[in-house]
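Engineer: For reference, the sequence and a predicted model appear below.
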Amino acid sequence: MSRGSEPVVRVIVPTYNEKENLEPLVQRLLALPIDLGVIVVDDNSPDGTGEIADRLAAEYNGRVQVLHRSGKLGLGTAYVTGFQQAIADSSSFIITMDADFSHPPERIPELVAKTQNGYDLVIGSRYVPGGRAVECTLPRKILSWGANVFFARTLLSLKARDATAGFRCYRREVLESVALDQILSNGYSFLIELLYRVQRAGWRVGEMPIIFHNRQQGISKISRSEIYKALYTVFRLFSERVTTRRR
């Protein structure tokens, strides 16, 4: 899975205060048996994550790129920044994942293989048979299940069960076809809107089961405001869907 010396798989890792997690994650990613590069998008982390990323970029010459941003600008725009770099690098498969080991890096070869064989976007899902979340509190599990399986799927007719999952593999052509700069949502609600846009465009969406682990190091980035934004995003897209259908 190689095009000359350039990796055809890019893994985008947005970071904000992930000094405990970034280096071991990058080491595990680059040890995978596929031709892979990492794009770290750091939002000026005050804990020194950006400096760690720069050191890794120098150590793994060419396989790690670092995109520094001026501050905490949001998860959605971090993804877009990473997407644009990966597309400019002519990557064939573009993966997103969290930096906190909630997503299993060892499953990336399977994620890519499934995208190569019949799908345009594959999601590492907690809510298909074989998938689950562990080490999460019961209220968080209920909230996540309700938002994904019931709320987003019902109102938006999404085929995927895990609409807020950040562990995904896209074909480059999918991201090139979506007007990323026109996606209004940010934060975790960006994932819902992007999935909605991809499905509406007719791309094939698949899921594979993963075990989602709650973060062990650092502080969770999910706040109450993120939950409200996700609810607003679903209602906004539902209104758009109904209006478009009537037209």
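Structural biologist: In hand now; what should we look at?
Engineer: all strands of the chain, in order?
Structural biologist: Under the criterion DSSP state E, strands of the chain are mapped to 2-3, 6-7, 9-15, 36-42, 64-68, 93-96, 121-125, 132-134, 168-171, 205-209, 211-213.
Engineer: okay, the angle between the third one and strand 36-42?
Structural biologist: This means strand 9-15. Orientation of strand 9-15 against strand 36-42 (axes from the mean of the first three to the mean of the last three C-alpha atoms, to 10 degrees) gives an angle of 20 degrees.
Engineer: what's in contact with strand 9-15?
Structural biologist: Residues from elsewhere that reach strand 9-15 (C-beta atoms under 8 Å, 6 or more residues apart in numbering): 1, 22, 25-26, 29, 34-43, 45, 49-50, 53, 75, 78-79, 82-83, 85-86, 89, 91-99, 108, 112. All C-beta spots, glycine's among them, are computed from the backbone N, C-alpha and C.
Engineer: Could you tell me which of those count as buried?
Structural biologist: Among these, the ones that count as buried by 16 or more other C-beta atoms under 10 Å are 22, 25-26, 29, 36-43, 45, 49-50, 53, 75, 78-79, 82-83, 85-86, 89, 91-99, 108, 112.
Engineer: show me where pLDDT drops low in the chain?
Structural biologist: Low-confidence segments of the chain (pLDDT under 70): 1-7, 135-150, 215-224, 226-227, 245-247.
Engineer: So what's the residue count around the closest residue to residue 205 other than its chain neighbours?
Structural biologist: Distances taken as C-beta to C-beta, 6 or more residues apart in numbering place residue 121 nearest to residue 205, at 5.0 Å, with adjacent residues excluded. Number of residues near residue 121 (other C-beta atoms under 10 Å) recorded here: 22.
Engineer: Residue 121 against residue 172, yeah?
Structural biologist: No: using C-beta atoms under 8 Å as the test, residue 121 is too far from residue 172 to be in contact (11.3 Å).
Engineer: Off-centre distance for stretch 22-31?
Structural biologist: Relative to its chain's centre, stretch 22-31 lies at 17 Å (C-alpha atoms, centre = their mean, to the nearest Å).
Engineer: Just the residues contacting it, thanks.
Structural biologist: Here stretch 22-31 makes contact (C-beta under 8 Å, 6+ apart) with 11, 13, 15, 36, 38, 40, 49, 52-53, 56, 60, 63-64, 99, 101, 105-106, 108.
Engineer: Using CSV, list the CA coordinates for it.
Structural biologist: What follows is stretch 22-31, C-alpha atoms only, in CSV (Å, rounded to 0.1, in the frame of the first residue of the first chain):
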residue,chain,number,x,y,z
LEU,A,22,0.7,11.6,21.9
GLU,A,23,4.1,10.0,21.9
PRO,A,24,3.0,6.4,22.7
LEU,A,25,0.1,6.8,20.2
VAL,A,26,2.4,7.9,17.4
GLN,A,27,4.8,5.0,18.2
ARG,A,28,2.0,2.5,17.9
LEU,A,29,0.6,4.0,14.7
LEU,A,30,4.0,4.0,13.0
ALA,A,31,4.6,0.4,14.0
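Engineer: what's across from residue 96 in the sheet?
Structural biologist: Taking DSSP bridges as the rule, residue 96 bridges to residue 12, residue 168.
Engineer: Against residue 59, how distant is it?
Structural biologist: 23 Å (C-beta to C-beta, to the nearest Å).
Engineer: and if you look at residue 45?
Structural biologist: On the measure of C-beta to C-beta, residue 45 and residue 59 end up 19 Å apart.
Engineer: next one: residue 168
Structural biologist: Per C-beta to C-beta, residue 168 is found 27 Å from residue 59.
Engineer: Between these two, which is the more surrounded one?
Structural biologist: Counted by other C-beta under 10 Å, residue 168 and residue 59 do not tie: residue 168 has more neighbours, with 27 against 13.
Engineer: Residue 122 is in contact with the more buried one, correct?
Structural biologist: Yes: with contacts counted by C-beta under 8 Å, residue 168 reaches residue 122, the gap being 6.9 Å.
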